[in-house]
Structures are given as C-alpha cells and as structure tokens.
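A.B. asks: Take a look and give me a structure for this.
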Amino acid sequence: MSAIAGIYYLDGRPVEPTDLKRMTDILAHRGSDGIGSWCASSIGFGHRMLHTTPESLNEKLPLINHAGDVVITADARIDNRNELIEALNLCDRPYDQITDSHLILTAYEKWHESCPEKLTGDFAFVIWDGQKQQLFCARDHIGVKPFYYYYKPGRFFACASEIKALLCLPEVPCQLNEVRIADHLVSMFEDKVITYYQDILRLPPAHTLIIRDQKLQLQSYWALDPTYELRLASDDAYVEAFRDLFFEAVRCRLRSAFPVGSTLSGGLDSSSVTCVARELLVQENNRSLHTFSFIFDKVTECDERPFIDAVLAKGGYIPHFMAGDQLSPLIDAERAFWHLEGASIGAAMYFPWFLCHTAQQVGTRIFLTGFDGDTVVSHGFAYLTELASTGQWPGFFMEAEALAEHFDFTVHDVLRTYGLPSLQKLAQRRQWAAFIHGVGEISRHSHLSRLHLLLNHGMKPFIPKSARRVWRRFRGRVETPPKMNVIINREFAQRLNLRERLRRLNRLRSGAPATLREQHWRDLTTGTLPLNLELYDQTAAAFGVEVRHPFVDKRLVEFCLALPPNQKLRQGWTRWILHQAMASILPEPVRLRRNKTSMGPNFVHGLLTFERETLDEIFLTNSSRIEKYVEIERLRKAYQRLLSEEDGADKAIVDIWGAVTLARWLHYSRAASSLRPIEYFTTTI
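C.D. replies: Numbers count the residues shown, from 1 in each chain. Take a look at the predicted model:
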C-alpha cells in the first residue's frame, strides 16, 4: 500500500512542484518510508512509499527507464513475478533488485497498452510515455487498489490514490454529487465510476485510461466469462485444483518484509486463510502469524470463541483479541470520514477500522482477510433454480431436504423461493410437457395439489394484470405502488429522476438468473465489490497498514466461476468445494460449519449503547443537515420502531444507518458548503 499522484496539463502549462507536494503531503498516511516526485514541463508524478514486500525495500518511485522517456508511479504488488521475469528477459538480475514497479515499466515497454493483461496482482499505476506523448493508467482486475481522477477536456488531468489529494488542486472543483447521495440512501452501488464529488471519478476495475492527442479513452482489458465451464475428471481433481489455487493466492500475499497478520473471526473464510497462511509460513521460515479476533462478552450471541480457539489450538499464532461489543459503529467518526471520503460506510466497517488500529499498534504492517469468500466460492443456491427449470425435480427435492435439515427453513420455503417460480416460467414459455411433468413431481414431493399448481402457476400467469387488479379490488385487497425507499425525500428523488436511474442501473441484472453460473457472475461483477475494496483500502491506509484479500485473487475468481454447479452446492452443503478442500487443514468443528454468526445484534447494541445521544440529535432535534434528502417524519418513525423493537425494526436499521452516516459525513467534511475536506482529524481511538 503506497500512494500515487499525477498532474498533466493538456494545454502545455508547466506543473508546479508545490502542487505535487501538496498532493503527496496529504497522502502521507499511505507511505511513511519515502516521498518522491518527478516533473517534466506539463507532466508530473508524485509518490508515497510504504515498504511491504522484500523487493520494495529497494524501490524508489517515480521510476524512469534507461532511455529517460518512460516514467511510472505505482501502488502495486505483482504476483506472477517469476513468469514476468522470464518473459521480460530479466533472469540475469538479482531477484530482490527487481521491484514490482520495474516489472510493470518493463512490461509496458514490451507489450505497451496490453501490459495489464499480463499482470497478476493488485495494482494502480500511471505511466508517461514521452515518445508517444501519452499518459497511460491502469487498475487491477478486481479493483483492490483505488484510482481516482479528474479530467477537463483540453485543459487538465489529475489522478491520485485518494480524492483528498485531488481536492488540494485549485483546478479541481469541490462540489457535492447529489446523485451519489441518492444512490447511498437507496443502497444502489452499481455505478462503478461516480464519487461523492462532482466530476471526480473512479477508474473502474480491469480498465485502462489513455490520454493522447488531447483525447481521453477508457477501455476494459479483462472480463469474467459467464459461459465457460471447467471440466475435470473427478471431484478429487476439482478439490485439488481449488486447493492449489487457494494456497497460491495466500502464498502471494504472504510476501512481506514485515510481520504478517490475519483476521480470524472463527468463520470458514477467515479460518481458511489463517490456517493456510500458518502452514505456508511453517514450511518457508517458521515465522509466527499474528491473528486478530473480536470477542463478545456482553452480546454473547455474536461470540465465536469456540471456533477461534479451535484454530489457535493448532499453535504457531500470536493472537490478539478485541472486545467487539465495546465499540461504537461510529468509532473515531471524524477521522474515519476524513479518510473514507464519503458516507458509504458499511454497518460492519468499524471492525476493520479497529482491527487496523490494533495491527498498527503491534507492528503488523500486512494482514490478510477472508473478505468476500462467500461471493467468490458461492453458496450455490441458484443451482436449485437451475435444477427446477431443467426438470431435474428429484435432484431439486433431494437438495431441498438436505438444506432443510441444516438450516432454519423448510422444504416448502425452498420450493416457494426456487421451484415454483421456475414452474411458472415453464407455463409462460408454453413448455407444457415440462410443466405437467413438474406439476406431477411437485405434487408427489409436497402437500400442494395438482389443481392448485395448475391454477396458480399454469393459468394465472396468462390472466391480464389489469384483470387481476380488478379481482383483488373486488375482494377488498388494495394495492399500493411499490416504494423506492420510505425515507428518501420525494422531491429530491424526482429532481434527480432517480427511478429511471435505478431502472437503468438494474437493467442488466433484472429478472431471475436461469443458471447458477449467471447468478454467480452477477454477484462477482456487482459494484458493491470494488466499493467495499476501496473502503477497506482507505481504512487500512489510515493506520499505515496494507490489507490483502486472498479470495479475490483473479485466478481463484475465474476458477470458481467456471466450476460446475454441483461443486458449489451438494447434499445440503453450500460452498461444497471449500469445505472439501480444507479437510486436514481446518479443525473439523470449523470446517463443518454450515453458516456464520450474524453481527446484527452487536451492531444495534453498539449504536444504541454508545450513540443514543447522536441519534437523538440527528433525528429528533437537529435534522437540518439531511432534511433536503430524507423524509424526516418517516425517518423518525423508523427510529421509534427501532427503539421499541416493533415489527420492521430490521428494515428500520438500514434506513437509520444510511441517514446517520450521511448526516455525520456532511457535518464533518463540510462538503455541503463546498469547503475542501483537507483538515486532518487527530482524534485517537
């Protein structure tokens, strides 16, 4: 984790070194091991260095090639180093003298604009090509490393690892982006470009940005293939291939010149990363692994110590425990909002914030997470839809019965969610033979009669919606139009034409997926994934720590998407392949877990225990900061439901958290007054 900054005057004005200094100064928290800058007339780069890998100890950025005409500044960890060193004919050099930025620069000189396709790892970089008079930028495949930019055609371009560096420049406007605020309030994160500031944009994952001949061009260099299915000889072959890739993903992220830590919640994902990391460290040099775990003595339903202790009992760890029920979700809010540069703070982000603080205190500069293992491996529930839609009803009910044995739902719940919608689609498509077959199978395996299924799922879809509405009114059922969000200000939503925006953003993901692979692809390509990675990066950067996520390794992501569906859901086991691959690696009580503990009760406890005064102030006495964006009376009713634990309290907490974080961010950043958020908050935990 380092920091990059760049300025390019397209109108030929010279870059002022003081501008680059302001950018790198405000990014000092991202790199305490060195500062560098380079200017050549209208182009200039800055860098803040945080030493993490052994090779980075010899790294100085910006880096200029031997000819003096190509320059790079980068925040990168390249994982396919051996492959690149051979392909780039660098084998005659000492390995530890070949830095990751040097590999990227040499790759650009050999493969030019296609070089990001050859890279594996997490990276964001900017290259100036003096011969082509071209600025070339790229961001890694998944979006682990952040990249923000501002562009004024024909005049000016600037980029940086964080928005606050851009706002240091007088050419960059500091104006609130109300579209992003609306997205925040309705929990819509599909837009991978916009930020909370107008005209300050994010380079999407797996994209390059080129400025040449006064024109800016964005281009995707990689995308997940939702059609490819991996075919191996046996279950054992799939498990072995997964295990090899997972070990490699962890191994690459253990490359460090400093002590390494790992999150250990007791769940399947963090425990898998932790145990594999420990095994690799023992094989290589017997280094101990720091672990960071939250415990809950007051909110005991959230405590997972038996599973944590089962992992630690294997030995070789330096454990650190933190009291999760003693923390407010708004812990260190002023400093957090300054670093996170927006109101999009997840309900569980206070855990990583305190974890990074603890990691800094104990001298752990690198730590691994089990982030998004759920998404990458996939629970596989959409396989049920696939079985039903293809007429494999015996297999459907076998899985439904196995799931019902281990989870808090019934076979009928599974049928209602995944089976009956598929049956109805068969009727809508007039696939009557398949429909009749499905009716017979469902009737045989459930209490639903053939007549019921025929009327409600065969004939009903063909009754016009207008006739159905008339019939409901005749029976005294009054329909209310669907609500976009109960708390968002209607005038605000109408002014932004928010309904149309949501409809447009959801268009590619509308309708139920036909296959598990389609659902898995949707989950992996959602805008929520890069947003959460950006928030995690900024959280770690606040404490001079680099966070690494083995599950979002590009190779592992591609592999898991291509797996046959029965490698993800089988015999009532979700994420079946991960459970199988961790045999003899994880303690059995952890490996055989089928679900995880909800942290919701602790979140509500923390909010009402430590922030009651804040909530009362925002919702009951001083709502002026957010009344432009939310319906205050509806918000107050949601707050009362939460306090009284009435029905709907679970939904209320979502609305309340969105409003609270928006109100606090508007207050601390002063963005609503167009003041630049460059004051560094020194509040400590």
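
A.B. asks: CA atoms for contacts and neighbours, from now on please.
C.D. replies: Fine.

A.B. asks: residues touching Gln580, list them.
C.D. replies: Going by CA atoms under 8 Å, 6 or more residues apart in numbering, Gln580 touches Val239.

A.B. asks: oh, and call the first residue 492 from now on, that's how I've got it
C.D. replies: Renumbered: residue one is now 492, and that last one reads Gln1071.

A.B. asks: Confirm that it lies within a strand, as I assumed.
C.D. replies: No - the assignment for Gln1071 by DSSP: H, G, I helix; E, B strand; the rest coil gives helix, which leaves it out of any strand.

A.B. asks: In the chain, where's the longest helix?
C.D. replies: helix 1140-1160 (DSSP state H).

A.B. asks: neighbouring contacts of it?
C.D. replies: With CA under 8 Å, 6+ apart, helix 1140-1160 has contacts from 672, 675-676, 824-825, 828-829, 832-836, 838, 978, 1095, 1106, 1109, 1116-1117, 1121, 1126, 1129-1130, 1132-1133, 1163, 1166-1168.

A.B. asks: In stretch 779-789, which residues are buried?
C.D. replies: 779-787 (16 or more other CA atoms under 10 Å).

A.B. asks: Beyond the helix or strand bottoming out on mean pLDDT in the chain, next helix or strand please.
C.D. replies: Lowest mean confidence among the helices and strands of the chain (mean pLDDT, DSSP states H and E): helix 956-965, at a mean of 54. Sequence order places helix 981-986 as the next helix or strand after helix 956-965, per DSSP states H and E.

A.B. asks: wouldn't Lys1087 be in contact with Ser756 here?
C.D. replies: No - Lys1087 lies out of contact with Ser756 (CA atoms under 8 Å); the separation is 9.7 Å.

A.B. asks: Residue ranges of each domain in this structure, please.
C.D. replies: 494-711, 726-868+1008-1087, 1092-1164 (automatic domain parsing).

A.B. asks: Report the buried residues of stretch 1078-1093.
C.D. replies: 1078, 1081-1082, 1085, 1093.

A.B. asks: For the closest residue to Ala651 other than its chain neighbours, the count of nearby residues, please.
C.D. replies: The shortest distance from Ala651 to any non-neighbouring residue, by CA to CA, 6 or more residues apart in numbering, is to Ala496 (4.2 Å). Using other CA atoms under 10 Å, Ala496 has 30 neighbouring residues.

A.B. asks: what's the answer for the one 5 residues further on, then?
C.D. replies: Applying other CA under 10 Å, we find 21 residues neighbouring Leu501.

A.B. asks: Got phi/psi on it?
C.D. replies: With angles defined as degrees, to the nearest 10, Leu501 sits at phi -70, psi -20.

A.B. asks: Just give the nearest non-adjacent residue to Leu541, would you?
C.D. replies: Of all residues not flanking Leu541 in the chain, Gly522 sits nearest, at 4.2 Å (CA to CA, 6+ apart).

A.B. asks: from memory Leu859 sits against Val1036, does it?
C.D. replies: No - using CA under 8 Å, Leu859 is not in contact with Val1036; the gap is 10.8 Å.

A.B. asks: Between these two, tell me which one has more neighbours.
C.D. replies: Legend: neighbour count by other CA under 10 Å for Leu859 and Val1036, higher for Val1036 (27 against 24).

A.B. asks: tell me the contacts of the residue lying closest to the more buried one once chain neighbours are set aside?
C.D. replies: Distances taken as CA to CA, 6+ apart place Arg856 nearest to Val1036, at 4.9 Å, with adjacent residues excluded. By CA under 8 Å, 6+ apart, the contact set of Arg856 is 543, 749-752, 850, 1035-1037.

A.B. asks: swap the cut-off to 10 Å and go again
C.D. replies: By CA atoms under 10 Å, 6 or more residues apart in numbering, the residues touching Arg856 are 492, 541-543, 747-752, 847, 850, 1031, 1034-1038.

A.B. asks: again, but for Leu993
C.D. replies: 674, 677, 679, 681, 975.

A.B. asks: where's the nearest residue to Phe738 once chain neighbours are set aside, which helix or strand?
C.D. replies: Setting aside the residues directly before and after it, Phe738 is nearest to Val767 in space (CA to CA, 6+ apart), at 6.6 Å. Remark: Val767 resides in helix 759-775, with elements defined by DSSP H and E.

A.B. asks: For the stretch 942-1091 of the chain, which segments count as strands?
C.D. replies: 1037-1039, 1060-1061, 1064-1065 (DSSP state E, counting those that start in this stretch).

A.B. asks: Which neighbouring elements make contact with the second one?
C.D. replies: Where contact means 3 or more CA pairs under 10 Å, 6 or more residues apart in numbering; DSSP states H and E, strand 1060-1061 is packed against helix 873-880, helix 884-897, helix 1067-1072.

A.B. asks: Cheers, nothing more for now.
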